[in-house]
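K.L.:
following is a predicted model, sequence given first.
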Amino acid sequence: MTGITHHIPDDLLRAFASGNLPHPFAVVVAAHLSLCDACRAEAEAVEMLGGALLDGIAPVAVSAGAGQRLIAAVQAAPPMPDAPAGSGIFPAAVMQALGGQPPKWRMLGGGIRQQILTADAHGSLRLLYIPPGRAVPEHSHGGLELTLVLQGSFSDSQGRFGRGDVETAHDDIDHQPIAGPDGPCICLAATDAPLRFRGMIPRLLQPLFRI
């Protein structure tokens, strides 16, 4: 996909390629890779380099029968379900997180909606729907927030983000994303800590909306 100007940082891309990225962020990266040729090529290069490094490691002796036990365990495991194909604006990684179903939006106020896809000790993953011209309450971060635009656009202190763009916000970023005027903005956002809202009302509602 052309026109993408905000990409996945190299450290997150390497962590994804090596399988060391927490699930919420891994879904965002996978969705971005399905839209961004440049990052997908870089991720493939990192994976190839990792494979080459593994090939250079001297083999280690294992106990007798270990290979047969491994093969038997693989054969006994239930088959993995096929990942749902992409649908409309949603890449396959997002459709898998949705269980192949359309989003079930929950109103947050001012026309803004969300669906929490996952939430655990590793962080949360959510879809956000922001009407055109509507602003998300101003906030900073207690950790990392990774936001991928799936439809429309938004702008904040860091610039403009369109479809396929990713905003990486750490605890030094204070912003107030505003959806573009051309239509609703739908984003996929992963966080590993609660947001820090400036306004009193968003702070009071934060436990209810689990943001």
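P.N.:
That came through fine. Numbering: from 1, shown residues only.
K.L.:
those helices in this protein, which residues are they?
P.N.:
10-17, 23-33, 37-55, 66-76, 92-97, 200-209 (DSSP state H).
K.L.:
distance of the residue positioned nearest the centre of the chain from Asp182?
P.N.:
Centroid check for the chain by C-alpha atoms, centre = their mean gives Val28 as the closest residue, at 1.8 Å. Distance, Val28 to Asp182, by C-beta to C-beta, to the nearest Å: 23 Å. Using the backbone N, CA and C atoms, a C-beta is placed for each residue, glycine as well.
K.L.:
and Ile130, by the same measure?
P.N.:
Taking C-beta to C-beta, one finds Ile130 at 12 Å from Asp182.
K.L.:
more neighbours, those two?
P.N.:
Using other C-beta atoms under 10 Å as the criterion, Ile130 and Asp182 rank with Ile130 on top: 25 against 11.
K.L.:
ok, and the closest non-adjacent residue to that one?
P.N.:
Spatially, and ignoring its direct neighbours in sequence, Ile130 is nearest to Ala179 (4.0 Å; C-beta to C-beta, 6 or more residues apart in numbering).
K.L.:
burial count for that neighbour?
P.N.:
So Ala179, with other C-beta under 10 Å, has 26 neighbours.
K.L.:
wait, it touches Tyr129, no?
P.N.:
No. Using C-beta atoms under 8 Å, Ala179 makes no contact with Tyr129, being 9.2 Å away.
K.L.:
so what's in contact with these two at the same time?
P.N.:
Contact with both Ala179 and Tyr129 is made by residues Cys185, according to C-beta atoms under 8 Å, 6 or more residues apart in numbering.
K.L.:
for the nearest residue to Arg163 once chain neighbours are set aside, give me its contacts.
P.N.:
Among residues not flanking Arg163 along the chain, Val149 sits closest, at 5.4 Å (C-beta to C-beta, 6+ apart). With contacts defined as C-beta under 8 Å, 6+ apart, Val149 is in contact with 161-166, 185-187.
K.L.:
could I get the average pLDDT for stretch 160-172?
P.N.:
Mean per-residue pLDDT for stretch 160-172: 94.
K.L.:
which other residues reach it?
P.N.:
With C-beta under 8 Å, 6+ apart, stretch 160-172 has contacts from 1, 3-9, 12, 28, 32, 35-36, 89, 140-156, 158, 175, 177, 180.
K.L.:
poorly predicted segments of the protein, please.
P.N.:
1-2, 49-87, 201-203, 205-206, 208-211 (pLDDT under 70).
K.L.:
and the contacts of stretch 160-172, which are buried?
P.N.:
Buried subset of these (neighbour count, 16 or more other C-beta atoms under 10 Å): 4, 6-8, 12, 28, 32, 35-36, 140-141, 144-150, 152-156, 175, 177, 180.
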